[in-house]
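# Could you work out the structure for the sequence below:
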Amino acid sequence: MRIRDLSPADFVARLGADGVRLAAGPFNCRLQSGIPEIAEELARLYAHHPLIGADDFIDFHVGVRPGQGLRRWLRPQAVFSVDAVEPFTPLPRNQALAMLEWGLNWCITAYSQHLLVIHAACVARGDRAVILPAPPGSGKSTLCAALANRGWRLLSDELTLIRLDTGEVMGLARPVNLKNASIDVIRAYAPEAFLTRPVHDTTKGTVALMAPTEASVLAVGQWARPTWMILPRYRPGVDARLAPMGSGAAFLQIADNAMNYHILGSHGFAAVGRMVDHCRSFNFEYSRLDEAIAIFDRLAREAEDDAP
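Below you'll find the predicted structure:
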C-alpha cells in the first residue's frame, strides 16, 4: 500500500494523530503535523512511497507543529521536532512543509555515520550513477530535476549516501528542492511534474519542492555504482561542455562535500578514494537543459557500449 492509496481525509487524520508511516529508501519515517494546510502537498510529494506497518521499526519520528502562546495568532510559526527534541529555531508557519524536508535532511545527515554522506545530487541510468556535488547557485538541483524528468532515475537531490563496504549509492528518491528562478524553469521544462506552491522570503530565497517520479520511487531499492562525478556550473549563454578533471581535484571535491568525512577518518578516506578510482570526473558548464541532458545521455550510451 502506498501513500496515494489513502483518501485525503485518511491522510489528514493520520498526519494529525499517530503519524503517517512511510519508507524513504533505507529509512523508515513517521511524519506528524498539526498544521493541516501542508497535508495535500505532502501527500502528493510522497504519493508513490510505500506505507509501513505499525510494528515496523522507525528511524526518524519527525513532525512540524504550530507555535504556542501568542505566536499562534501573531506571526504564526512552525516548530520542527525529531524524537520530541526541537533542534531548530521556529520558522514562519507558511514554511512548515519546507521545514519538514530540511529537517529530514538534517536527521539523515546527523544519524548516518555508517555511510559516507555527500552534499550532492545523484541520478542513475540503470546501475550507473552520476554524482553532482556543487555549491548553492550552481544549477545542481535544476539539472537534477530535469534529468529525473527525462529518463534518469532520481536517487537524491541533496544527500548522496555511499555504502562504506561496497561503495554503492543508496537511493532516497525524496522531493527535489528548487529555488528562485529554477522553479519556473522546471515548471516549463517538465509541466507533468508536481511542484508545490512557491514559498517566498525563506533563508534560501523562494523555494518549492518537486515530487520524485513514480519510476524513481519504485526503483529506490536498486542501488547504483558511482560511474561519473560531474561538477556542474550554470552559465547563461554558454554551450554545454565537459572538461576532464584530474583525480586529485576530484578527490578534493568529494571530500569537501562529504558531510561526515572528518568523522569517518580512514574509512572516509578509503571510500572517497575508491569512488574517484571508479569514476570519470568532469567539470561541466551549461545553459540549456536539452543540451545538458544530451551530453549525459551520450555518456550513458558510451558506458553501455563499452560494457563487456
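# Give me the residue at the spatial middle of the protein.
Asp157 (3.0 Å; CA atoms, centre = their mean).
# so what's that residue scoring on pLDDT?
Among the per-residue scores, Asp157 shows a pLDDT of 93.
# Give me the neighbour count for the nearest residue to it once chain neighbours are set aside.
In this structure, Asp157 finds its nearest non-sequential neighbour in Val176, 4.2 Å apart by CB to CB, 6 or more residues apart in numbering. Placement of C-beta: from N, CA and C, glycine included. Val176 has 28 neighbouring residues, counting by other CB atoms under 10 Å.
# what about Ile230, neighbour count?
Here the number of neighbours of Ile230 (other CB under 10 Å) works out to 26.
# Can you verify my assumption that it contacts Val123?
No: between Ile230 and Val123 there is no contact under CB atoms under 8 Å: 10.2 Å.
# now the helices for this structure?
Ranges of helices in the chain, per DSSP state H, are 8-16, 39-45, 96-110, 140-148, 181-189, 214-218, 247-257, 261-264, 266-278, 289-306.
# which residues touch stretch 38-57?
For stretch 38-57, contacts defined as CB atoms under 8 Å, 6 or more residues apart in numbering pick out 1-6, 8, 11-12, 15, 20-24, 28, 31, 33, 64, 96-97, 100, 173, 175, 194, 196-197, 209, 211-212, 214, 217-218.
# same question but for stretch 192-211, I mixed them up
With CB under 8 Å, 6+ apart as the test, stretch 192-211 has contacts from 41, 44-47, 91-92, 94-95, 97-98, 101, 136, 145, 149, 175-180, 183, 186-187, 213.
# Just the buried ones from the residues you listed, in ChimeraX syntax?
Restricted to buried positions by 16 or more other CB atoms under 10 Å, the ChimeraX selection for the contacts of stretch 192-211 reads:
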select :41,44,45,46,47,91,94,95,97,98,101,145,149,175,176,177,178,179,180,183,186,213
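# re the thing from before, mutual contacts of Ile230 and Val123, please.
Val130, Leu132.
# just for the protein, where's the confidence low?
69-73, 307-308 (pLDDT under 70).
# domains of it?
3-110, 115-306 (automatic domain parsing).
# and the end-to-end length of the shortest one?
End-to-end distance of domain 3-110: 26 Å, with CA to CA, to the nearest Å as the criterion.
# Can you give the distance from it to the centre of its chain?
Centroid separation for domain 3-110 versus its chain: 16 Å, with CA atoms, centre = their mean, to the nearest Å.
# do the longest one as well
On the basis of CA atoms, centre = their mean, domain 115-306 sits 9 Å off its chain's mean C-alpha point.
# just to revisit the earlier point, kindly reformat the helices of the chain as CSV containing distance to Gln77.
Listed next are the helices of the chain as CSV, based on distance: least, CB to CB, whole Å:
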stretch, distance to Gln77
helix 8-16, 18
helix 39-45, 18
helix 96-110, 9
helix 140-148, 26
helix 181-189, 24
helix 214-218, 31
helix 247-257, 32
helix 261-264, 32
helix 266-278, 37
helix 289-306, 37
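# Please work out which of the ones you listed is packed deepest.
helix 140-148 (a mean of 25; mean count of other CB atoms under 10 Å).
# who does that helix touch, helix- and strand-wise?
Applying 3 or more CB pairs under 8 Å, 6 or more residues apart in numbering; DSSP states H and E, one finds that helix 140-148 contacts strand 115-125, strand 128-133, strand 153-156, strand 176-179, helix 181-189, strand 225-234, helix 289-306.
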